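> How does the following fold in three dimensions:
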Amino acid sequence: MAFRLPVVADPEIPDGAEVSASGRLPRWLKRPIPSGNANHMTQGLLDELRLETVCDNAKCPNRMECYSQQTATFMILGNVCTRPCGFCAVHRGRPPELPEADEPERVAEAAHRLGLKHVVITSVTRDDLPDGGADHFYRCVIAVREKTGATTEVLTPDFVHCKPALERVIQARPDVFNHNMETVPRLYRRVRGPKSDYAWTLAMMKQVKSYNAEVKTKSGLMLGLGEERGELLEALADLREHDVDFLTLGQYLQPGEKYLPVVRFVPPEEFDELGEIAKQMGFRKVASGPFVRSSYHARDMAETDCES
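Here you go, the predicted structure:
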């Protein structure tokens with residue numbers, strides 16, 4: 001049976017919902033920076049073990065909060081991406097080297113020393129590698145599990161040039177497989193680049209379950225890029241029709257002048273409403289808010305069941 005969208009009205013934009021042309025952030029996007037030595041300890045450990053995080057490379061607004069809680073999302077396969085996504089601050093170009101053979105062990109050591117119970121592993125896109133880096137993901141998941149016993153979550157590229165790579169990642173039995181849809185179909189290639197494929201993204205999410213039905217699937221979208229309400233709800237329905245379990249919705253923030261502009265700052269009340277609609281659609285867990293990112297408080301989402 002086809003999924004039927006709920007009938008909802010377009011939201012009223014409240015006073016204070018500014019657009020990026022003003023050059024100012026609305027009040028709900030301003031918050032204090034966490035203090036304490038844990039920030040420095042986490043960063044020091046990452047430097048010692050020569051590890052990258054998406055927190056720093058993508059200029060995540062939550063990185064100080066996460067570091068203060070001694071957690072991070074490890075970014076493997078280097079810090080140079082082969083895709084020119086219009087929203088992402090990670091360096092782009094041709095990666096200078098092959099994956100480092102000892103990186104899985106260094107990731108596992110960092111997770112062990114930080115005392116992590118849930119480890120999120122992501123990467124740059126490596127279209128230059130025959131398997132897109134899938135075997136390296138496999139080795140990192142195995143190393144972390146053997147060293148720490150922690151649950152694991154992978155946030156992978158689309159592997160669109162090496163579709164068999166997905167099976168290799170799932171062979172590692174991560175607890176959560178995450179790949180972000182990022183935006184609606186109309187904006188897909190403008191946001192994610194010319195190599196992206198909306199239909200393949202959906203097919204990949206469903207394919208995960210055919211390889212291992214126990215792996216939870218997760219995806220996320222950024223709001224404020226110019227998507228319309230109906231388009232967003234259609235995209236969420238597409239994810240549910242492809243058996244995606246978990247959903248994240250967050251505000252897009254422009255990381256620099258050369259990146260896509262923010263079309264609209266979505267107020268917290270609207271994020272709350274969209275989160276409730278998503279739950280009604282059948283997502284098992286939903287995180288929806290201005291500061292939500294795909295791996296923000298990932299352990300809470302992964303370790304709780306259907307109850308919110």
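> quick one: residue 173 from residue 215, how far?
7 Å (CB to CB, to the nearest Å). To be clear about C-beta, it is placed using only N, CA and C from the backbone, and glycine gets the same treatment.
> So if I had to pick from those two, which one is more boxed in?
Remark: of residue 173 and residue 215, residue 215 carries more neighbours, 20 against 15, as counted by other CB atoms under 10 Å.
> Could you count how many residues lie near the nearest residue to that one once chain neighbours are set aside?
In space, and not counting its chain neighbours, residue 215 is closest to residue 177: 5.2 Å by CB to CB, 6 or more residues apart in numbering. Look at residue 177: counted by other CB under 10 Å, it has 28 neighbours.
> Report the beta-bridge partners for residue 177.
Beta-bridge partners for residue 177, by DSSP bridges, are residue 154, residue 217.
> That one reaches residue 213, doesn't it?
No - with contact defined as CB atoms under 8 Å, residue 177 does not count as touching residue 213 (11.8 Å).
> And for residue 293, nearest residue in space, chain neighbours not counted?
residue 250 (5.5 Å).
> Which residues does the helix or strand containing the one you found contact?
Residue 250 is part of strand 246-251 when elements are defined by DSSP states H and E. Residues outside strand 246-251 that contact it (CB atoms under 8 Å, 6 or more residues apart in numbering) are 29, 176, 178, 180, 216-224, 236, 239, 265-266, 271, 274-275, 278, 283-294, 296, 301-302.
> Okay, and residue 86 sits in which element?
Residue 86 belongs to no helix or strand, assigned by DSSP H and E.
> Determine the number of other residues adjacent to it.
Residues near residue 86, counting by other CB under 10 Å: 17.
> ok, it - contacts?
The contact partners of residue 86, by CB under 8 Å, 6+ apart, come to 190-193, 259-260.
> from those, which is closest to residue 154?
Residue 154 has its nearest neighbour among the contacts of residue 86 in residue 192, at 18.6 Å by CB to CB.
> any low-confidence regions in the stretch 101-250 of the chain?
For the stretch 101-250 of the chain, no stretch is flagged by pLDDT under 70.
> can you do 90?
114-118, 160-164, 193-195 (pLDDT under 90).
> so the helix or strand just after the strand holding residue 250 versus strand 246-251, what angle?
Counting by DSSP H and E, the element after strand 246-251 in chain order, helix or strand, is helix 268-281. With axes from the mean of the first three to the mean of the last three CA atoms, to 10 degrees applied, the angle from helix 268-281 to strand 246-251 works out at 160 degrees.
> any idea which helix or strand comes after helix 268-281?
The first helix or strand that comes after helix 268-281 along the chain, using DSSP H and E, is strand 285-288.
> and the contacts of strand 246-251, which are buried?
Buried members of the contacts of strand 246-251, scored by 16 or more other CB atoms under 10 Å, are 176, 178, 180, 216-224, 236, 239, 265-266, 271, 274-275, 278, 283-294, 296, 301-302.
> In the sheet, which residues pair with the residue nearest to residue 293? Tell me.
Beta-bridge partners, per DSSP bridges, of residue 250: residue 222.
> can you count the residues close to it?
Counted with other CB under 10 Å, residue 250 comes out at 23.
> and what of residue 254?
Neighbours of residue 254 (other CB under 10 Å): 16.
> Quick check: the gap between it and residue 80.
Distance of residue 254 to residue 80, given as CB to CB: 21 Å.
> Which parts of the chain are helices?
Secondary structure of the chain by DSSP state H: the helices cover 38-48, 54-57, 63-68, 103-114, 134-148, 165-171, 188-192, 198-211, 229-241, 268-281, 298-303.
> Save the ones you listed as TSV, and put in distance to residue 91 too.
Listed next are the helices of the chain as TSV, based on distance: least, CB to CB, whole Å:
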stretch	distance to residue 91
helix 38-48	17
helix 54-57	7
helix 63-68	17
helix 103-114	18
helix 134-148	19
helix 165-171	23
helix 188-192	17
helix 198-211	23
helix 229-241	28
helix 268-281	30
helix 298-303	24
